[in-house]
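Trainee: just need the structure, nothing else, for what follows:
(one chain, ligands or ions: 1)
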Amino acid sequence: MDGIDTLKARYLAAISAAYDEASIEEVRLAALGKKGEISLKMRDLGQMDPAQRQVAGAMLNLLKDEIDAALRAKKMALGDAALDERLRAEWLDVTLPARPRPRGTIHPVSQVMEELTAIFADMGFAVAEGPQVESDWYNFDALNIPPEHPARQEHDTFFMHRAPGDTRPPHVLRTHTSPVQIRALMAQGAPIRVIAPGRVYRMDMDQTHTPMFHQVEGLAIDRTISMANLKWVLEEFCRAYFEVDKVELRFRASHFPFTEPSAEVDIRYSNVGGQLRIGEGDNWMEILGSGMVHPKVLKAAGVDPDQWQGFAFGMGIDRIAMLKYGIPDLRAFFEADLRWLRHYGFSALDVPDLAGGLSG
Ligand code: DAH
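Mentor: A predicted model of the protein is given here:
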């Protein structure tokens, strides 16, 4: 049959010239597709007489198989070539040195949270968390601050909106980390030793106040925990955190609804030409509120106050960060000024731990 050799030569050439999946498919359709040249020729077989058909049919089938095989082989070869090309292009030299310093820095507040977590972990305190949008029960009632209590006004609370017609008391942005005491006690019961660092919110803005700031709550409940334990834990914390041997704390009688008795704690420091030094001098700075957890608070959290007792404290994280790292203005903490962050930020590779030196 005429033309078979020509057809074969033409298609094999086209296959060898194909350079990707799409061009192979084009050749396949042109030859073997429904309306392909070879398929049409096979359809013509029907009009031949039987003797002719036998010869031509065999030749066409052979041609079809050959082209089919050539297409498959080409497809495979192209796949291999593509893989080779990828392997050539996608390489990584794992022996190159790491970059000496990441471009970003760790914010002083994050750094201080890591530091105090390491110190309290060493004393057996786990980290507890609670939501920043809090119900007024956790933020106030459970902490012995009933609706008519003056402390509610003093907290300058941000209230969330309720849907119109919903008369339930609105949720609040938590005004302190103390609600985490309740959540941790309800989840875990006594005995317990936790700290809860995090963001808190109050409607207040001046040189020493920002509407969002950070606190860390501490809570230790067991059978015989006393104010003496509180004093030791706080002194131990300050020694480790400020990295000085001598710290002096002053406990002043105070009042909080959720503790009885209550104490505010000041730390001794000196200020020579704007340089703050902890543990010396004649100045006192208040750093935290504390006390023995009020029986009503234990009861609200489902803990029997006849069986269990312990201390709690709440400390301003931003304040102790400023003290330790000599940062003069609180508001700059939250302005995201890159120059400030580069100056006061910490290396991401310098993870605080007690053995290695807290602040690197
Ligand atoms: N929640 C108090 C505040 O935000 C701080 C505080 C005082 C927390 C005494 C305590 C505490 O756990 O015992 O001002």
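Trainee: for the rest of this, base every contact and every neighbour count on C-alpha atoms.
Mentor: Will do.
Trainee: what secondary structure does the residue nearest to the spatial centre of the chain sit in?
Mentor: Centroid-nearest residue in the chain: Ser110, 11.8 Å away (criterion: Cα atoms, centre = their mean). Of the three states, Ser110 takes helix under DSSP: H, G, I helix; E, B strand; the rest coil.
Trainee: use 8 as the first number from now on
Mentor: Understood, numbering begins at 8; the last thing we discussed is Ser117.
Trainee: so in that sheet, which strands flank the longest strand that the chain contains, and in what orientation?
Mentor: Using DSSP state E to define each element, the chain has its longest strand at strand 266-279. When pairs are called by DSSP bridges, strand 266-279 turns out to pair with strand 256-263 (antiparallel), strand 282-285 (antiparallel), strand 290-300 (antiparallel).
Trainee: give me the mean pLDDT for the next helix or strand after the last one.
Mentor: Right, strand 290-300. Reading on from strand 290-300 to the C-terminus, the next helix or strand found by DSSP states H and E is helix 302-307. Mean per-residue pLDDT for helix 302-307: 98.
Trainee: show me what helix 302-307 is packed up against.
Mentor: In this structure, helix 302-307 makes packing contacts with helix 186-195, judged by 3 or more Cα pairs under 8 Å, 6 or more residues apart in numbering; DSSP states H and E.
Trainee: what are the contacting residues of the helix it packs on?
Mentor: Identification of contacts with helix 186-195 by Cα atoms under 8 Å, 6 or more residues apart in numbering yields 135-137, 145-147, 149-150, 199, 201, 203, 224-226, 304-305, 307-310.
Trainee: tell me where the stretch 58-207 of the chain has strands.
Mentor: Counting by DSSP state E, counting those that start in this stretch, the stretch 58-207 of the chain has strands at residues 133-134, 140-141, 179-180, 199-208.
Trainee: quick one: closest of these to the ligand.
Mentor: strand 199-208 (8.5 Å; Cα to the nearest ligand atom).
Trainee: and the following helix or strand past that closest one, what's buried?
Mentor: For strand 199-208, the following helix or strand on the C-terminal side (DSSP H and E) is strand 219-229. Going by neighbour count (16 or more other Cα atoms under 10 Å), the buried part of strand 219-229 is Phe220, His221, Gln222, Val223, Glu224, Gly225, Leu226, Ala227, Ile228.
Trainee: cool, and stretch 162-180?
Mentor: Buried, per 16+ other Cα under 10 Å, within stretch 162-180: His162, Thr164, Phe165, Phe166, His178, Val179, Leu180.
Trainee: isn't the fifth one up against Phe147?
Mentor: No - when contacts are counted by Cα atoms under 8 Å, His178 is not listed as touching Phe147 (11.0 Å).
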